[in-house]
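Engineer: Following is a predicted model, sequence given first.
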Amino acid sequence: MQTVFKEKTYKNFINNEWVEASSQERIPSINPANKEEIVGYVQSSTKEDLDKAVKAADEAKKAWRKLGQAARGQLLFKAANILEENLDDIAETMTREMGKTLPEAKGETARGVAILRYYASEGMRKEGDVIPSSDKDALMFTKRTPLGVVGVITPWNFPVAIPIWKMAPALVYGNTIVLKPATEGAVTAAKVVECFAKAGLPEGVLNFVTGSGSVIGQALIDHPLLNAITFTGSEQVGKNVAKAATERGIKFQMEMGGKNPVIVAKDANLDLAVEAVISGGFRSSGQKCTASSRVIVEEAVYEEFKEKLVQETKKITVGNGLQDGIWMGPCASESQFNTVKKYIEKGKEEGASLLFGGQELKGEELDNGFYISPAVFDEVTPDMAIAQEEIFGPVIALIKAADFEEAITVANNTKYGLSASIFTTNINNLLEFIDDIEAGLVRINAESAGVELQAPFGGMKSSSTGAREQGEAAKEFFTAIKTVFIKGS
Ligand code: NAP
Ligand code: MG
């Protein structure tokens, strides 16, 4: 007997058709605010399904390239308009699927629209440069050309923005795509793909296959017809993806974890710093790759900063992100919830003192969700696990530094280097910070989390490898350069 699924099952999208996977298995998407609610199902696809998707993308790549950049841009403008029309529904789905509050989900979806328009406009921008040849009778120029079939593997924490900031440049520069979304954000991703589908992309240009990372993600990377892979997710998986891509000799781009520091110097505007740490540390329940997780405070202002921070943290309202007045939603899934709880215990065992929060929240509507109160740890030393490992939850580690020099040393004392922020009014400090900090995103008197779509995005050390994402930088990854030399005959 076949199982009947009450909620909708989102299918794969291959060759412009929504198709059943070759397996009957379905994966439920659970609402972390109420684990009894199933948001929808996605299919647990097989390697055969993935193979069809990559072949479709491969067959479509020549015609898509030949369509031209301007025409491709026009299709992205259409997709942007359709996404905008569906903004409320997609944002609500995101909140139900992974828990971030509705205003955050709406903001992210609106950003998706803006990213699409930015890259749609690339359709009308230059594809190369003219370079003087040493032969006066020759014309020499560069022409950007697409890579071919690009595999896109995305995480669940920005289920709209990240797939779009990879797919939009990939498409406008002429590549075809196979998207394997994070399973925890796959229903939201399916709704984004629906917008592209309605925009009328030619067959095979954008393909979407759901299923587990270890099966579908791995099969995508291993597929012989794949020409490049762009990945955002954990360091562990990312490094394996990079290794496989290196062995195959295909281009890769990896955006991975972070353990982002905020330095609060003794001359900082403390109220501003507190506000930024609260937002950077606890928005999206700390599940941003750029979230503030280590706050390194100069001794002279440590006590004052700490008191203000705890006072403000206590005001945070935690609950279902669909409700008005809720500032922070649940952890995105049971496994995130368990990871956060594990690190709270670990912090205590290592001798840090839990000043506030870190409690599982219970009672009435909270019982069925993965709720944890925002946590602030005091007396954290730089070598502790909570100061070294990415928690990806609402946990802030306060670290005391004797002076500014020590604060920089502590800030750099991690394998990650995504984002870093400083609060100071001292120009010498901030110039030194810009120079010495090991991070791809350097933020002065601003929270560590904050991304502008028109600027390059990425990190140093174990946070990123390959070309930067977003802004003009995306072109470096999604195209190859042909250097053309022409002479009359
Ligand atoms: P993840 O577990 O690494 O998953 C990321 C993606 O990889 C998912 O689509 C996942 O599929 C897939 N995957 C899992 N195992 C795979 C394998 N063996 N081969 C190929 N693909 C595989 O990360 P996550 O938990 O979704 O996301 C959180 C992480 O992302 C954090 O570390 C965070 O810092 C990072 N992140 C980084 C950035 C950045 O730009 N630097 C931005 C956002 C998030 P399944 O979902 O099916 O497992
Ligand atoms: Mg979920």
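Structural biologist: Looks like it arrived, so ask away. Ligands and ions are numbered 1, 2, ... in the order given.

Engineer: any idea of the mean pLDDT in stretch 296-303?
Structural biologist: Per-residue pLDDT over stretch 296-303 has a mean of 98.

Engineer: Any residues of the stretch 51-200 of the chain in contact with ligand 2? List them.
Structural biologist: Proximity of the stretch 51-200 of the chain to ligand 2 is confined to Glu97, Glu184 under the rule CB under 5 Å from the ion. Bear in mind the C-beta positions are built from the backbone N, C-alpha and C, glycine included.

Engineer: Show the residue spans covered by the helices in the stretch 51-200 of the chain.
Structural biologist: Secondary structure of the stretch 51-200 of the chain (DSSP state H, counting those that start in this stretch): helices at 69-85, 87-98, 102-122, 161-172, 186-198.

Engineer: mind checking which of those helices is nearest Thr317?
Structural biologist: In terms of CB to CB, the element of the helices of the stretch 51-200 of the chain nearest to Thr317 is helix 102-122, at 12.8 Å.

Engineer: deepest of the helices of the stretch 51-200 of the chain, which one?
Structural biologist: Most buried of these, by mean neighbour count (mean count of other CB atoms under 10 Å): helix 161-172, with a mean of 27.

Engineer: wait, which of the helices of the stretch 51-200 of the chain is closest to Val264?
Structural biologist: helix 102-122 (24.8 Å).

Engineer: between that closest one and helix 186-198, how many degrees?
Structural biologist: Orientation check (axes from the mean of the first three to the mean of the last three CA atoms, to 10 degrees): helix 102-122 against helix 186-198 gives 30 degrees.

Engineer: Next, format the helices of the stretch 51-200 of the chain as JSON lines and append mean pLDDT.
Structural biologist: Shown next, in JSON lines, are the helices of the stretch 51-200 of the chain (pLDDT from 0 to 100):
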{"stretch": "helix 69-85", "mean pLDDT": "98"}
{"stretch": "helix 87-98", "mean pLDDT": "98"}
{"stretch": "helix 102-122", "mean pLDDT": "98"}
{"stretch": "helix 161-172", "mean pLDDT": "98"}
{"stretch": "helix 186-198", "mean pLDDT": "98"}
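
Engineer: what about stretch 219-234, start to end distance?
Structural biologist: Terminal residues of stretch 219-234 are spaced 18 Å apart (CA to CA, to the nearest Å).

Engineer: Which positions in it come out as buried?
Structural biologist: For stretch 219-234, a neighbour-count test (16 or more other CB atoms under 10 Å) marks 219-221, 223, 226-234 as buried.

Engineer: So which of those residues sit within helices?
Structural biologist: Ala219, Leu220, Ile221 (DSSP state H).

Engineer: List the residues that contact the residue of the stretch 101-250 of the chain found nearest ligand 2.
Structural biologist: Closest to ligand 2 within the stretch 101-250 of the chain is Glu184: 4.9 Å, counting by CB to the ion. By CB atoms under 8 Å, 6 or more residues apart in numbering, Glu184 lies in contact with Ser29, Glu97, Met98, Trp156, Ala332, Ser333.

Engineer: now do 10 Å
Structural biologist: Contacts for Glu184 (CB atoms under 10 Å, 6 or more residues apart in numbering) come out as 27, 29-30, 32, 97-99, 155-157, 159, 332-333, 335-336.

Engineer: Restricting to the buried residues of stretch 219-234, which residues neighbour ligand 1?
Structural biologist: Ile221, Thr232, Gly233, Ser234 (CB under 6 Å from any ligand atom).

Engineer: What's the end-to-end length of stretch 319-326?
Structural biologist: Where stretch 319-326 begins and where it ends lie 6 Å apart, using CA to CA.

Engineer: buried residues in that stretch?
Structural biologist: Gly319, Asn320, Gly321, Leu322, Ile326.

Engineer: rewinding a little: make a markdown table from the buried residues of stretch 219-234 and add pLDDT and distance to Glu203 to it.
Structural biologist: As requested, the buried residues of stretch 219-234 are arranged in a markdown table below (pLDDT from 0 to 100; distance: CB to CB, whole Å):
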| residue | pLDDT | distance to Glu203 |
| --- | --- | --- |
| Ala219 | 98 | 22 |
| Leu220 | 98 | 19 |
| Ile221 | 97 | 24 |
| His223 | 98 | 19 |
| Leu226 | 98 | 19 |
| Asn227 | 98 | 19 |
| Ala228 | 98 | 21 |
| Ile229 | 98 | 22 |
| Thr230 | 98 | 22 |
| Phe231 | 98 | 26 |
| Thr232 | 98 | 27 |
| Gly233 | 98 | 29 |
| Ser234 | 97 | 34 |
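
Engineer: Among the ones in helices among the buried residues of stretch 219-234, which one lies nearest to ligand 1?
Structural biologist: Ligand 1 lies nearest to Ile221 out of those, by CB to the nearest ligand atom, at 6.0 Å.

Engineer: tally of neighbours for the closest residue to that closest one other than its chain neighbours?
Structural biologist: Leaving aside its chain neighbours, Ile221 sits nearest to Ala244 (4.8 Å; criterion: CB to CB, 6 or more residues apart in numbering). Neighbours of Ala244 under the rule other CB atoms under 10 Å: 15.

Engineer: how does the protein divide into domains?
Structural biologist: Domains of the chain are assigned by automatic domain parsing as 3-256+463-486, 260-452.
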